[in-house]
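Engineer: Give me a 3D structure for the following:
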Amino acid sequence: YSSLNILNTGNVPDDCDTLVVINPEKDFDELTSNSIIDYINRGGNIIWLGGVYAGEVDLTNVNKVLAEYGVDPFEAGFVYETNAANTVLDYAICFKPEVQDTEITSKVYNGLGSIFLRANKININEEKLEELKVEETKLIISSNTTFFSTDMSGKTSTSTDERGGFTLGDQLVKTITEEEENEVVSKLIIYGNEYFVSDFAISEYVNPMIYIYNNKDLFLNSVAYLN
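Structural biologist: Residues are numbered from 1 along each chain as shown. Next comes the predicted model:
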């Protein structure tokens, strides 16, 4: 793998098998967003890890890229788990979501599952998927005992908080051309979390997040599927 600076290259290179985007903290410049959209239209594949924190609020060009797959902007907030049996060390923001049985996640589904920390929900514009020629497969969802709050300071929910389950991992396959002999599709695998594949440790007694449960496998299987 290698880092990509589109301001230097002017585009996403043709030999890019999978473009990995990790929690943009500020908006893309127009050259970057247009280059990524061009990459999508060439049948490029993307893994996107969407986090909670951003240095800028208005990520117009970032959201323009996500909109190609029918993904609405992320909101600043956390998914909280109210069922202590699903949490780690009783932290409401560190919990075990529900892994779906899909081609990408089957081994994780049949294994220990995954642990997400400070997860954000993925907002899909379901009404636009058909128009965009996008097919969705949910990979990870939160339990019905979760809630989403824009107040990131506490564990208690309010009557205005949105209730789970939320999409935390999604696969979106966009058909670019439908010619039978030359079908072109672009695949996006998106997770509402970047911590699950980081070296962040929630406690000195617990392994870094990437080594907890099947977190590492979930990410590597996603890369393998796209490649």
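Engineer: what is the spatially most central residue of the chain paired to in the beta sheet?
Structural biologist: Central residue of the chain (CA atoms, centre = their mean): residue 191, 1.7 Å from the mean position. Following DSSP bridges, residue 191 is listed with bridge partners residue 49, residue 169.
Engineer: distance between the least confident helix or strand in the chain by mean pLDDT and the chain's centre?
Structural biologist: Of all helical and strand segments in the chain, the minimum by mean pLDDT, DSSP states H and E falls on strand 162-163, at a mean of 87. Taking CA atoms, centre = their mean, to the nearest Å, one finds the center of strand 162-163 at 19 Å from the center of the full chain.
Engineer: same thing with stretch 43-56?
Structural biologist: On CA atoms, centre = their mean, the centre of stretch 43-56 falls 7 Å from that of its chain.
Engineer: Next, the residue nearest to residue 73 when sequence neighbours are not counted: secondary structure please.
Structural biologist: Leaving aside its chain neighbours, residue 73 sits nearest to residue 63 (4.7 Å; criterion: CB to CB, 6 or more residues apart in numbering). (C-beta placed from N, C-alpha, C; glycine too.) Classification of residue 63 using DSSP: H, G, I helix; E, B strand; the rest coil returns helix.
Engineer: burial count for residue 63?
Structural biologist: Counted by other CB atoms under 10 Å, the residues lying close to residue 63 total 17.
Engineer: list the contacts for the residue nearest to the centre of the chain?
Structural biologist: Listed by CB atoms under 8 Å, 6 or more residues apart in numbering, the contact set of residue 191 reads 48-50, 122, 139-140, 168-170.
Engineer: Include neighbour count and distance to residue 159 when you put these into a markdown table, please.
Structural biologist: Output for these, formatted as a markdown table (neighbours: other CB atoms under 10 Å; distance: CB to CB, whole Å):
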| residue | neighbour count | distance to residue 159 |
| --- | --- | --- |
| 48 | 24 | 32 |
| 49 | 21 | 31 |
| 50 | 25 | 27 |
| 122 | 25 | 24 |
| 139 | 27 | 30 |
| 140 | 28 | 27 |
| 168 | 28 | 23 |
| 169 | 28 | 28 |
| 170 | 23 | 28 |
